[in-house]
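Visitor: Got a predicted model here, sequence first, then my questions.
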Amino acid sequence: MTSAERSSPSHTRSSCFRKLATSINAVLVSQREALGDRAFGALRLFKALAQAETNADHADPALVELLQVIQQTPALRGLLGKYCVRANASGLIDMSTLVGWLLFKANLDGTQSVLHALTRLGRARKIPLKHVVAIGALVLKHPVRIDSTAKLVPWEQISSSETKAVVQETLWETQNPYPTAALLRETTAPRSDVLSDSAESPLFSATWDVRDLVRCLCLFGGAPHAVAQWTELPTWVPGSRVRFQYSIVSKVPPPLEWSAEAHKHFAPFYKRFLKLPDAQKEKFRIALDRLRNANSRNPNEDRAIDLGIALETLFLSDERGATGELRFNLATRAARFLGKSSEERKDIFDRVQRLYDLRSRAVHRGVVEAQIKGTQTADFISQGRCPEIC
């Protein structure tokens, strides 16, 4: 090998990576117990690292050498004190973060995986991001594509990760509904390498606003709720951290499995909703929230009130008449809008009038009858919750 070849960037990088691999393997041996301790391994390792940084004479020699190799490796030294990407899953890459990433990744996937990750990171100009919203009370038979970057998927199709495991554990400990489905959006963010003291601070508010999307889910049955949300970086990016939001959901009915029709029609319906004028969107938001409440509640009185509000929001928002007139107009408008034949319109007219009466008794008396014309009130309200009515 000539002197020119020995001084080339590729040879220098290969030499640095060989030293790095040797140093990592030495620490994997010396810190075997810490790396194998699932409960307190990270704490034990970072204590040893702190000693290596502040009192090298009494520290693990392998860790001391690894710190020196990191400072001698341009691909690693250039990451220190920076954020790789401006996203809410990204943290500052300091020495402890970098060493922890190197060692735990090498311990899990092998030292070569670390070198491949560094090579990939060095070439990357964009960083892939996964935005995940965990959904409870919804069962899917297969994924549902929403647009070019987003889709609904069964929960088990969200790939295993540290964040997913922590989310599941947190929801279990807080007695929240276990996720059965998820909204997944896969995007990219530009590689930024922002300095820790830069005026361009990391963007920790990069969340996905899915409130309207989740609202629209309930139109196809049940009461789906967003129970957690997070953004995830790929494992080949150091500095990623477990950071998520979760909601306290007190009452959610058993998961409902979507029909083939729901799988087919949800995305087109949601796209039509997005095109509505703001005033109409607001009406639908109120109605959909009330529909979800009705699907979540147990007392017939509460469910009747919620469904009554949903119907009046859609069909009577411009009315200020007497009660009898409102009842008639509500039933007439719902029948004309929803019915496809004279028989259907008559049936809807009668059902909406009875539902309006139920809502009025629930509001003014606090109780409703157990039966309506031989039908259990709970069953009648369930009919009123069908998409053909609301």
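Guide: Looks like it came in fine. The structure presented is a predicted model; accordingly, all values stated were derived computationally and were not measured.
Visitor: pLDDT value on residue 383, please?
Guide: Note for residue 383: predicted pLDDT of 69.
Visitor: next one: residue 140
Guide: The predicted local confidence for residue 140 is 96.
Visitor: Based on its surroundings, how many neighbours for it?
Guide: Neighbouring residues of residue 140 were enumerated by other CB atoms under 10 Å; the total is 21. Using the backbone N, CA and C atoms, a C-beta is placed for each residue, glycine as well.
Visitor: got a list of what it touches?
Guide: Taking CB atoms under 8 Å, 6 or more residues apart in numbering, we find residue 140 in contact with 152, 153, 154, 181, 257, 258, 263.
Visitor: chain center to the longest strand seen in the chain, what's the gap?
Guide: Longest strand of the chain, by residue count under DSSP state E: strand 181-195. Mean C-alpha position of strand 181-195 versus that of the full chain (CA atoms, centre = their mean, to the nearest Å) differs by 13 Å.
Visitor: Buried among the contacts of residue 140? Make that a PyMOL selection.
Guide: Selection of buried members from those for PyMOL, criterion 16 or more other CB atoms under 10 Å:
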select buried, resi 152+153+154+181+258+263
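Visitor: Which of the contacts of residue 140 sits closest to residue 49?
Guide: Distance to residue 49 across the contacts of residue 140 (CB to CB) is lowest for residue 153, with 38.4 Å.
Visitor: partner residues bridging the closest one?
Guide: Note on residue 153: beta-bridge partners residue 182, judged by DSSP bridges.
Visitor: any idea how far it is from residue 40?
Guide: To residue 40, residue 153 is 35 Å away according to CB to CB, to the nearest Å.
Visitor: which SS class is the residue nearest to residue 136 when sequence neighbours are not counted?
Guide: Nearest non-adjacent residue to residue 136, counting by CB to CB, 6 or more residues apart in numbering: residue 177, 3.4 Å away. Following DSSP: H, G, I helix; E, B strand; the rest coil, residue 177 is assigned to coil.
Visitor: returning to that earlier point: from the contacts of residue 140, which two are the most distant?
Guide: It's 153 and 257 that sit farthest apart of the contacts of residue 140, by CB to CB, at 14.5 Å.
Visitor: any idea how far residue 218 is from residue 171?
Guide: On the measure of CB to CB, residue 171 and residue 218 end up 20 Å apart.
Visitor: still on that earlier bit, just the C-alphas of the longest strand of the chain, formatted as PDB.
Guide: Provided in PDB are the C-alpha atoms of strand 181-195 (Å, rounded to 0.1, in the frame of the first residue of the first chain):
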ATOM      1  CA  ALA A 181     -54.800  -0.600  16.000                       C
ATOM      2  CA  ALA A 182     -52.600   2.300  15.100                       C
ATOM      3  CA  LEU A 183     -52.300   5.300  12.800                       C
ATOM      4  CA  LEU A 184     -48.900   5.200  11.100                       C
ATOM      5  CA  ARG A 185     -47.300   8.000   9.100                       C
ATOM      6  CA  GLU A 186     -43.800   7.600   7.700                       C
ATOM      7  CA  THR A 187     -42.000  10.800   6.600                       C
ATOM      8  CA  THR A 188     -38.500  12.200   6.600                       C
ATOM      9  CA  ALA A 189     -36.800  15.100   8.200                       C
ATOM     10  CA  PRO A 190     -33.700  16.900   6.900                       C
ATOM     11  CA  ARG A 191     -30.400  16.000   8.600                       C
ATOM     12  CA  SER A 192     -29.700  19.200  10.700                       C
ATOM     13  CA  ASP A 193     -26.800  18.500  13.100                       C
ATOM     14  CA  VAL A 194     -27.900  21.500  15.200                       C
ATOM     15  CA  LEU A 195     -25.500  22.600  17.900                       C
END
